[in-house]
Each structure stands twice: as structure tokens, then as C-alpha cells.
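Engineer: quick one, fold the following:
(one chain, ligands or ions: 2)
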Amino acid sequence: MSGPLVLGIETSCDETGVAVLEGMEVRSSVLASQVDLHARFGGVVPEVAARAHVEAIRPLVHQAITKAGVHPDELDAVAVTQGPGLVGALMVGYAFGKSLAYSLGKPLYGIDHMEGHLFAPRLAFSGYEPPAIVLLASGGHSQIVHVKAWGDYEILGGTIDDAAGEALDKLARLMGLGFPGGPAIDRDAENGDPSAIRFPRALRDRPYDFSFSGLKTSVVTYLEKAKSEGSLPPREDVSASIQEAIVDVLVTKTFNAVEATGVEVIGGGGGVLANRRLRERLAAEADARGVGLFVPEPVLCTDNGAMIGSVAVHKMERGEQGDPLTGDVDPALRLGS
Ligand code: KG4
Ligand code: ZN
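Structural biologist: Numbering: from 1, shown residues only. Ligands and ions are numbered 1, 2, ... in the order given. Purely as a prediction, here's the structure:
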């Protein structure tokens, strides 16, 4: 395989991710997770995240380049997340990427974090091509995207309140499962009964939209009532039932879009796509309908530098020029706008 050599940098939230790609081949991908730093606060603290990125980024870039066996001068471009995300965290990566591009005399590509998630399956599957319906579910965003062509995105729907990951994080905290909540609920649910409690599935009348804030209220109410009645089920059953309520909605709405568009390719990206139950349910449904499912391995679903690099590789292959070095981060960047 060949293609441009691209350094991808991701710092939009609590993971510093750096990768070197050669075309769509990942030559190296390294990550500095801040989970331990934020765990005692029960969530990501923006200033703490930005400072941790400052400390991690230089050694991590060095590590990625060394592991890939390339010299910085050989790089064809630097790709870095421009938004959406936490402003301070984004600024660290963007400023670093910009200065590196400047000092190497190489083009800079500012990348939309969600487009990175959308592209990530390309790193794992060469057959992942539009038209596709892509489920994006992360800590900050949940969307169903109709990818008509690369770069041509119609957002069919999304969350009207909490993102799926955010809901899992809040619910896990409520149940004392720690941070980040998604993986904790995933683990806890493994030994639970998903049909133990029927939590509500909201917005049934809107085919592609989600709402998860009501679920939180319903779990709180349920737990209080069960506690006072002395009928509290095993925690694993509550976790499995919460997970099922979220997964059910994500799967149903994704396949609503597949049905309505007639598209036969489904992609998935964002941290929540690392969830084992979600992956299992999507696979079963795709199988039953005979459509292709392209959800990469969990490390490519959660934040990483490779997905950022992959969007830049695509832009370069299409002949798109890099960005002016006068650009800035855009914490509110929206896919398709
Ligand atoms: O895409 P991501 O790594 O960062 C953002 O862009 O936000 O997604 C992080 C989210 C968190 O809410 C986390 O709890 C969730 O993804 N997550 C999971 C799993 N792994 C990460 N949710 C469910 N099951 C998992 N295994
Ligand atoms: Zn993400």
C-alpha cells in the first residue's frame, strides 16, 4: 500500500492521539489517555485536559514518528483536529500541528473530529465506500449521517439533548461505576439481564432523532422507588437494562435510515461504538438484512490520531490544498456545514 505520509494529531477531549499514516495504512498510532487524571473529578475537567495535552504532545509525536520509522522531513502533511471539542484542548494540538507544519514547510489540514470518526472504518476496511449510513456516537455527539459521497454529508438526525456517551457517563456516575461510564457499564452489563427493567425508549415518533435525558430521570426514579420498596435488583441487571435502552434506540434509528434510503453500507464511529452489545446488535441486524457493516476495532472507534490523518489522506488524494496557517480552532464545528 502507498500514499502520502501524514501525521495525524487529535487533542479535542481527554486523549492525546498521534499517528503516522501512509495512505490508509497505519504506520504507528500512539495514545496518552488522561482517564486517571479526570477519574477523581468524575468527568473531564477542561483546564486539566489542556495542560495534560501540553505535557503529552511533544513526546507522543516523537514516539509516533520513531515507531513509524520515518524522519519528520519525509512527512507530506500534518493533520490536526480543528473542532468540535474543548477549546483549550483543541488549541494545544492545533497550535502544535500548525507550528510543526510551518517548520517543516508542509501543508496543514485542519480536520473535523466527527469526520475523523466517520472515516475511521476506512482504515480497517478497504470496501467501506459511500453511499453509506453512518452512526456516530461519542461523548459529545450522536448523529445518523447519510454519506452520499465523501465530503457530502446529510445529517438525518441526532440527539436533541445528551449524547449517548454522555448519558452512559452520567448514568454510570449515578450508579457509582466510575469514569468513563461507557466502558464501565459495558463491563458491568456483561453479567446482567438486559430485559430485567424496561427503561423508556424516547422519541419513537421521530425516525432518526435521539433523546437520552429522560432515561436518566427514569433510572433515578426507578432506583429510588426500588430502594424504598427493598426490591433493588442486582446492579448488573440495571446496567444491562440501561445499556439495552440506549443500544436499542441507536440500532433502531440507524436501521430506520437504512430502510428509508435503501443504502446497503453501514458505518460506525465514536467511542460508544466500542460497546460490545451495540456491535453485536448492529451485526445481527445487518446480517438479517444482508447489508454491509463497517465498524472498526474498538481502538479505532474511540478517539485516536489515525482517524484524523485518514481524512487528510483523502483530501490530499482528491487534490485539496492545505489550510492557511492563519486558521484557528472551531470548538463548535459541525459536520456537513
Ligand atoms: O469518541 P470518544 O472516544 O470521545 C469523544 O469524542 O467524546 O467517545 C467517548 C465516549 C465516552 O462517553 C465513553 O463513555 C464512551 O465513548 N465509550 C463507551 C465505550 N467505550 C467508550 N460507551 C459504551 N461502551 C464502551 N465500551
Ligand atoms: Zn471522539
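
Engineer: by contact count, what packs against the helix or strand containing Val134?
Structural biologist: Using DSSP states H and E, the secondary-structure element containing Val134 is strand 132-137. Packing contacts for strand 132-137, counted by 3 or more Cβ pairs under 8 Å, 6 or more residues apart in numbering; DSSP states H and E, involve helix 113-119, strand 142-149, helix 235-261, strand 265-269. (Each C-beta comes from the backbone N, C-alpha and C, glycine too.)

Engineer: most tightly surrounded among these?
Structural biologist: helix 113-119 (a mean of 28; mean count of other Cβ atoms under 10 Å).

Engineer: show me what the very next helix or strand once past that helix is packed up against.
Structural biologist: Taking DSSP H and E as the definition, the helix or strand that follows helix 113-119 towards the C-terminus is helix 121-124. Using 3+ Cβ pairs under 8 Å, 6+ apart as the contact definition, the elements that helix 121-124 packs against are strand 265-269, helix 298-301, helix 305-317.

Engineer: out of these, which one sits most buried?
Structural biologist: Of all the helices and strands packed on helix 121-124, helix 305-317 has the most neighbours on average by mean count of other Cβ under 10 Å, namely a mean of 28.

Engineer: how deep is Gly271 tucked in, by neighbour count?
Structural biologist: By other Cβ atoms under 10 Å, the residues close to Gly271 number 25.

Engineer: and Glu154, that's in a strand?
Structural biologist: Yes: looking at Glu154 with DSSP: H, G, I helix; E, B strand; the rest coil, it is inside a strand.

Engineer: shouldn't it be in contact with Ile144?
Structural biologist: No: here Glu154 does not reach Ile144: they are 9.7 Å apart, not a contact under Cβ atoms under 8 Å.

Engineer: separation between the residue nearest to Tyr222 when sequence neighbours are not counted and Ala56?
Structural biologist: Nearest non-adjacent residue to Tyr222, counting by Cβ to Cβ, 6 or more residues apart in numbering: Ile197, 6.4 Å away. Look at Ile197 and Ala56: by Cβ to Cβ, to the nearest Å, they are 41 Å apart.

Engineer: what about the residue nearest to Leu293 when sequence neighbours are not counted? Give its phi and psi, please.
Structural biologist: Sequence neighbours aside, Ala286 is the residue nearest to Leu293 in space, at 3.8 Å (criterion: Cβ to Cβ, 6+ apart). Dihedral angles phi and psi of Ala286 (degrees, to the nearest 10) take the values phi -60, psi -40.

Engineer: measure how buried Ala286 is and give me the count.
Structural biologist: Ala286: 21 surrounding residues under other Cβ under 10 Å.

Engineer: ditto for Gly319
Structural biologist: Around Gly319 sit 6 other residues, with neighbours defined as other Cβ under 10 Å.

Engineer: before we move on, the earlier item: so how far is Ala137 from the residue nearest to Leu293?
Structural biologist: Counting by Cβ to Cβ, the separation of Ala286 from Ala137 is 16 Å.

Engineer: low-confidence regions, the chain specifically.
Structural biologist: 1, 337 (pLDDT under 70).

Engineer: what angle separates the one helix or strand Val78 maps to from helix 305-317?
Structural biologist: Using DSSP H and E, Val78 maps to strand 77-83. Relative orientation of strand 77-83 versus helix 305-317 (axes from the mean of the first three to the mean of the last three Cα atoms, to 10 degrees): 110 degrees.

Engineer: so that it lines up with my notes, have the first residue be 28 from now on.
Structural biologist: From this message on, residue numbering opens at 28, which makes the last subject strand 104-110.

Engineer: which residues sit against strand 104-110?
Structural biologist: Taking Cβ atoms under 8 Å, 6 or more residues apart in numbering as the criterion, the residues outside strand 104-110 that touch it are 31-39, 117, 120-121, 123-125, 127-128, 131, 133-140, 143, 335-336, 338-339, 343, 349, 354, 356-360.

Engineer: pairing partners for it, with directions?
Structural biologist: strand 32-37 (parallel), strand 135-139 (parallel) (DSSP bridges).
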